[in-house]
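Student: Sharing a model that was predicted from the sequence below.
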Amino acid sequence: MRRYQYALLAVAIALTGCSGSSDNDNVAKDTNRAPVAGTLVLTTQAEVTINDQLNATDPDGDSLTYQLVSSPMYGELSLSATGAFTYTPQAEYTGSDSFSYSVSDGTAFAVTGFVDITVEALEVSFNDSVRNIFSLNSTDEPVSVNGRAYVEDANNPGNFDDLIQD
C-alpha cells in the first residue's frame, strides 16, 4: 500500500510540473488604444471659407475615420471621413462658432474632438467699397456693410473727384 501512495505522490508531482503553463502566460496581450482628439482653434473673417484638417492621432498607428457629432450654428460645414473639412460662416456673421466630431480607429471606442472658430469682421478698403457702391445699377443688390471693418480713411476728398458729376 505504501508503494501505491509513493507512486501516486510521484505522479502528482510530475503532473504539477507539466501543468501546461509557460513563461509567456504573464506577458500582456496586445490591446488597442483609443485615438486622441483635441481642440482645434481657428480664426477667419466674415464670409471667408476655411479649408483644414482635423487633428487626431492614434497611438497604435491605425487609420482613423471622422464623423460629425454637432454642427456649427453660424456656418455651413462639410466634413469627410478623412477629417478634411470646409467651413463657411453665414453672410455678415461675426462672433464665435463651434462644432464637435468623433474619431475612431475602427476598434476602440470613438473619442470626441472640438473645433472652436472665431469669425472676425472682414477688412475691406473704404475707398474700394465706395467705388463699388457708386458703380452699382439701380437693379443691383445692395452692398453689404455688416461684418465689415473699413481699414482706410477717406479724409482726402481728392480720392473721389472722379465720382462727382457736375
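Tutor: Yep, it's here.
Student: When you work out contacts or count neighbours from here on, use the C-alpha atoms and nothing else.
Tutor: OK.
Student: Retrieve the pLDDT associated with the most centrally placed residue in the chain.
Tutor: Against the mean C-alpha coordinate of the chain, by CA atoms, centre = their mean, the closest residue is Leu54 at 3.6 Å. Leu54 carries a pLDDT value of 96.
Student: In contact with the nearest residue to it once chain neighbours are set aside, which residues?
Tutor: In space, and not counting its chain neighbours, Leu54 is closest to Gly83: 5.0 Å by CA to CA, 6 or more residues apart in numbering. For Gly83, the contact set (CA atoms under 8 Å, 6 or more residues apart in numbering) comprises Gln53, Leu54, Asn55, Thr65, Tyr66.
Student: try 6 Å
Tutor: Neighbour list for Gly83: Gln53, Leu54, Tyr66 [criterion: CA atoms under 6 Å, 6 or more residues apart in numbering].
Student: nearest to Phe126, of those residues?
Tutor: Comparing these against Phe126 with CA to CA places Gln53 closest, at 34.0 Å.
Student: Can you get me a residue count around the closest one?
Tutor: Gln53 sits with 14 neighbouring residues when counted by other CA atoms under 10 Å.
Student: shouldn't it be in contact with Thr82?
Tutor: No: look at Gln53 against Thr82 with CA atoms under 6 Å: they stay out of range, at 8.3 Å.
Student: Next, the contact list for Thr86, please.
Tutor: Applying CA under 6 Å, 6+ apart to Thr86 gives the contacts Ile50, Asn51, Leu77, Ser78.
Student: Could the C-alpha coordinates of the host helix or strand of the third one be exported in CSV?
Tutor: Assessed by DSSP states H and E, Leu77 sits inside strand 75-79. Provided in CSV are the C-alpha atoms of strand 75-79 (Å, rounded to 0.1, in the frame of the first residue of the first chain):
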residue,chain,number,x,y,z
GLY,A,75,-22.0,78.5,-40.7
GLU,A,76,-22.0,75.6,-43.2
LEU,A,77,-19.7,72.6,-42.7
SER,A,78,-18.7,69.8,-44.9
LEU,A,79,-16.7,67.0,-43.2
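Student: Can you name the element that comes right after that strand?
Tutor: strand 84-89.
Student: who does the very next helix or strand once past that following strand touch, helix- and strand-wise?
Tutor: Counting by DSSP H and E, the next helix or strand C-terminal to strand 84-89 is strand 95-104. Counting contacts by 3 or more CA pairs under 6 Å, 6 or more residues apart in numbering; DSSP states H and E, strand 95-104 is packed against strand 65-70, strand 111-120.
Student: Lovely, talk soon.
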